[in-house]
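Participant: fold the stuff below for me.
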Amino acid sequence: MLEIVLTEIELFNDEAQEFVTITKPLKVKLEHSLISVSKWESIWEIPFHPGPGQPKEKTREQIESYVRCMIIGELDPPIFRYFIAHHGAEIQRYIESPQTATKIFRNGKSSGARGGRTITSELIYYWMTIFKIPVEFEKWHLNRLLALIDVCNVEQKGGKKMSKSEILRQNRAINDARRKKYGSKG
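Facilitator: Numbering: from 1, shown residues only. All right, here's what the predicted structure looks like:
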């Protein structure tokens with residue numbers, strides 16, 4: 001969870017044609033979580049994590065909509081505009097933060113359950129069901145939840161698969177050891 005404190009701000013509300021003043025500190029809490037993504041996808045009806053060949057860039061309106069989905073509670077429009085203008089970079093760093101030390105590599109490249117495809121909130125909920133991940137984890141930072149899903153995927157598959165040549169080499173070594181042990185020629 002990201003918590004940003006707004007202090008002593010005076011803004012003009014164009015819609016109400018009046019000044020809005022914050023005199024006491026206002027805590028704004030945000031979660032980049034599966035819940036936030038699910039809310040955003042229900043508004044825009046497009047995947048938050050597009051797959052290959054799909055546009056990855058979001059419009060300014062979509063970005064601001066996602067920040068609204070992340071906020072726990074409500075912010076008046078003039079306060080929200082101030083908030084996004086002055087804390088956008090901090091919010092972006094929070095969204096991009098891995099929130100975990102886990103790295104999964106296959107063939108020298110980072111990978112996992114995602115495999116470069118389109119990911120929707122329903123697919124993540126599906127993975128949570130398959131891997132028996134408690135629904136409470138939907139409040140975790142999304143990148144941390146996806147890392148957990150990647151770990152579950154790797155562990156379920158039993159680690160690295162051997163190549164055909166590695167299997168043949170291993171079988172040859174086992175057979176040689178047995179021949180030697182039993183004094184056999186074949």
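Participant: the residue nearest the centre of the chain is in what secondary structure piece?
Facilitator: Residue closest to the average C-alpha location in the chain (CA atoms, centre = their mean): Asn143, at 2.8 Å. Take DSSP states H and E as the rule and Asn143 turns out to sit in helix 142-157.
Participant: and that helix, C-alpha only, in CSV?
Facilitator: What follows is helix 142-157, C-alpha atoms only, in CSV (Å, rounded to 0.1, in the frame of the first residue of the first chain):
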residue,chain,number,x,y,z
LEU,A,142,-0.1,-6.9,-8.0
ASN,A,143,3.6,-7.5,-9.0
ARG,A,144,4.1,-9.5,-5.8
LEU,A,145,1.0,-11.6,-6.4
LEU,A,146,2.1,-12.3,-10.0
ALA,A,147,5.6,-13.3,-8.6
LEU,A,148,3.8,-15.8,-6.2
ILE,A,149,1.9,-17.2,-9.1
ASP,A,150,5.1,-17.6,-11.1
VAL,A,151,6.7,-19.4,-8.2
CYS,A,152,3.7,-21.7,-7.9
ASN,A,153,3.9,-22.5,-11.6
VAL,A,154,7.6,-23.3,-11.5
GLU,A,155,7.3,-25.4,-8.3
GLN,A,156,4.3,-27.3,-9.7
LYS,A,157,6.2,-28.2,-12.8
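Participant: quick check: buried residues in it?
Facilitator: Residues 142-154 are the ones in helix 142-157 that count as buried (16 or more other CB atoms under 10 Å). From N, CA and C alone the C-beta is placed, and that goes for glycine too.
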